[in-house]
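1. Build me a model:
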Amino acid sequence: MQNVWAQEPYVVLINPRDKAPAVGWDAVKKDWQDRVLGFWSELKLTPKQAPQIHINQGVASTTGMVGVEGKNKSGQALSFTIVETQVYEKRGDRWLMVSHHASQVPE
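-> Presented below is the predicted three-dimensional model:
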């Protein structure tokens with residue numbers, strides 16, 4: 001994850017299981033390690049549609065629906081859909097994420 005994220009104090013992450021946003025690179029990295037990688041033993045993400053992309057000078061955003069399937073570390077199978085929005089900043093010739101927000105779509 002550190003290759004796609006800007007490692008800044010203002011980056012923000014909110015994943016579907018989070019109770020509060022992770023703010024700052026250290027908190028974002030810990031959230032990915034503990035709440036995502038530490039939770040899933042198998043994980044497959046499948047776009048349900050092409051994302052909407054908006055670019056304005058050095059900032060870009062994407063929004064889309066993604067299917068989530070997998071097993072948690074306890075072996076429980078899980079399947080749901082999320083809507084996610086990402087914000088990127090252009091740094092030289094690279095786009096780095098500064099915000100990721102994913103919420104589970106109610107069934």
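
2. what about the helices in this protein?
-> 25-31 (DSSP state H).

3. and for stretch 86-103, what are the contacting residues?
-> 4-6, 8, 10-16, 57-63, 66, 82-85 (CB atoms under 8 Å, 6 or more residues apart in numbering). C-beta here means a position set from N, CA and C on the backbone, and glycine is covered the same way.

4. Identify those among the residues you listed that sit within strands.
-> 12-14, 59-63, 66, 82-85 (DSSP state E).

5. Now a ChimeraX select for only the buried ones of those residues.
-> Of the ones in strands among the contacts of stretch 86-103, the buried ones can be selected in ChimeraX as follows, counting by 16 or more other CB atoms under 10 Å:
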select :12,13,14,60,62,66,82,84,85
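
6. Go through the ones in strands among the contacts of stretch 86-103 and name the one nearest Asp26.
-> Closest approach between the ones in strands among the contacts of stretch 86-103 and Asp26, by CB to CB: Leu13, at 11.3 Å.

7. Check whether the closest one really touches Pro21, as I assumed.
-> Yes. Contact status for Leu13 versus Pro21: in contact at 6.7 Å, counting by CB atoms under 8 Å.

8. Next, count neighbours for the spatially closest residue to Pro51 that is not a sequence neighbour.
-> Nearest in space to Pro51, with sequence neighbours left out and distances taken as CB to CB, 6 or more residues apart in numbering, is Gly64 at 3.4 Å. Residues near Gly64, counting by other CB atoms under 10 Å, number 16.
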